[in-house]
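Participant: okay, predicted coordinates and the sequence, questions at the end:
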Amino acid sequence: MMKASDREKLRDFAASRARKSLLDYASVCDPVWKPTKFHRKIAEVLQQAVSGQGCKRWIICTPPQNGKSRLTCIDLTTWFLGHNPRKHVVIASYGLGLAESSSVAARERFKHPMFQRT
């Protein structure tokens, strides 16, 4: 069984990685989520875009239920605002329901213990 001090070190290590990497942040906030090669590439491109490297505008075209909204509207939004608390983000969508659910999920993420650590 792992000691409490070892668990704390592991959480600190995870938080350190999550501060630097959008994909690591998404993974530690939702340990059940298993990123695919697609998610790794999208996270890499999004992270470059918000850091000012590469192209700043992207269109992500994939079938529904592939994690676009989760990665862009929830994970990226909260990770970005954690690094840039004075910035503003607008979550927009083709439909009101998706925009509202993404906004609610993003606001809930701000309460997540790992968001607080990163």
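Facilitator: That came through, no problem.

Participant: now do the longest helix seen in the chain: which elements does it pack against?
Facilitator: Across the chain, the longest stretch assigned as helix under DSSP state H is helix 4-20. Contacts defined by 3 or more CB pairs under 8 Å, 6 or more residues apart in numbering; DSSP states H and E place helix 4-20 against helix 22-29, helix 77-83, helix 113-117. Every C-beta, even on glycine, is put in place using the N, C-alpha and C of the backbone.

Participant: so which elements touch the first one?
Facilitator: In terms of contacts (3+ CB pairs under 8 Å, 6+ apart), helix 22-29 is packed against helix 4-20, helix 37-50, helix 77-83, helix 113-117.

Participant: and that helix with helix 37-50, angle?
Facilitator: 120 degrees (axes from the mean of the first three to the mean of the last three CA atoms, to 10 degrees).

Participant: any chance you could list what contacts helix 22-29?
Facilitator: Under the criterion CB atoms under 8 Å, 6 or more residues apart in numbering, residues 14-15, 17-19, 33, 35, 39-40, 43-44, 46-47, 70-71, 75-76, 79, 109, 112, 114-115, 118 lie in contact with helix 22-29.

Participant: list buried residues within the residues you listed.
Facilitator: Neighbour-count burial (16 or more other CB atoms under 10 Å) applied to these gives 14-15, 18, 35, 39, 43, 46-47, 70-71, 75-76, 79, 109, 114-115, 118.

Participant: make CSV out of the helices and strands packed on helix 4-20 and add distance to A99 and mean pLDDT.
Facilitator: Formatted as CSV, these follow (distance: least, CB to CB, whole Å; pLDDT from 0 to 100):
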stretch, distance to A99, mean pLDDT
helix 22-29, 20, 90
helix 77-83, 12, 91
helix 113-117, 21, 75
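
Participant: in JSON lines: the ones you listed, plus distance to K9.
Facilitator: Supplementary listing: the helices and strands packed on helix 4-20 in JSON lines, determined by distance: least, CB to CB, whole Å:
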{"stretch": "helix 22-29", "distance to K9": "14"}
{"stretch": "helix 77-83", "distance to K9": "21"}
{"stretch": "helix 113-117", "distance to K9": "13"}
